[in-house]
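**Student:** This is the structure alone, sequence omitted:
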């Protein structure tokens, strides 16, 4: 089976967002940052109320409101930050092997992905899992890296999915 596709910066960003939203480490990181920071705000308000002459009511109201807003809006900021950082890294380096035209060949032994600057190969035993979302297939070769295949460039989505699933060694 052979697939020709083009990866854009947005495709790479989409993979990174998917990975952060669905990996245990990404979820834990978001939860810690989302809930521990507001606790620190409230502890800060508590210590300010003890060591200063500030009125407790307005102090806790201000820091409490800040904590509530943080819990509500932090996930949007977190994902925006991931998007910005990935885009910045992609623009800052040479990414010809990642972004651009790809030609992927799959056969009974494994996958070979060729770009203008090189080729990567993996045997089916090296494929950890196939993940599918609305727009992409992610063929994971480790816990943090995957071949990104945009569905927009796949002739038969179900055919590709079936082909890969039959070959993955679990």
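**Tutor:** Structure's in. What do you need? Predicted model only: the values in this text are computed from it and were never measured. Numbers count the residues shown, from 1 in each chain.
**Student:** Low-confidence regions, this structure specifically.
**Tutor:** 169-170 (pLDDT under 70).
**Student:** which helix is the longest one in it?
**Tutor:** The residue-count maximum for a helix in the chain (DSSP state H) belongs to helix 56-92.
**Student:** Quick check: the gap between residue 26 and residue 127.
**Tutor:** From residue 26 across to residue 127, the span is 21 Å (Cβ to Cβ, to the nearest Å). (Each C-beta comes from the backbone N, C-alpha and C, glycine too.)
**Student:** Residue 103 belongs to a strand?
**Tutor:** Yes. Counting by DSSP: H, G, I helix; E, B strand; the rest coil, residue 103 falls inside a strand.
**Student:** which SS class is the residue sitting furthest away from the middle of the chain?
**Tutor:** The outermost residue of the chain relative to its centre, with distances by Cα atoms, centre = their mean, is residue 53 at 46.2 Å. At residue 53 the chain is in coil, as set by three-state DSSP.
**Student:** all numbers from here: first residue = 202
**Tutor:** All set: I'll call the first residue 202, so the last point we hit is now residue 254.
**Student:** what separates it from residue 224, distance-wise?
**Tutor:** In this view, residue 254 and residue 224 are 47 Å apart by Cβ to Cβ.
**Student:** circling back to that earlier point, just checking, what packs against the longest helix of the chain?
**Tutor:** helix 210-223, helix 225-252 (3 or more Cβ pairs under 8 Å, 6 or more residues apart in numbering; DSSP states H and E).
**Student:** Show me what counts as buried in that helix.
**Tutor:** 260-261, 264, 267-268, 271, 275, 279-280, 283-284, 287, 291 (16 or more other Cβ atoms under 10 Å).
**Student:** And it, how far out from the chain middle?
**Tutor:** Chain-centre distance of helix 257-293: 18 Å, with Cα atoms, centre = their mean, to the nearest Å.
**Student:** for stretch 218-230, same thing?
**Tutor:** Mean-position distance between stretch 218-230 and its chain equals 7 Å (Cα atoms, centre = their mean).
**Student:** Go through it and flag the buried ones.
**Tutor:** 219, 220, 221, 227.
**Student:** which residues touch the last one?
**Tutor:** This means residue 227. Contacts for residue 227 (Cβ atoms under 8 Å, 6 or more residues apart in numbering) come out as 220, 221.
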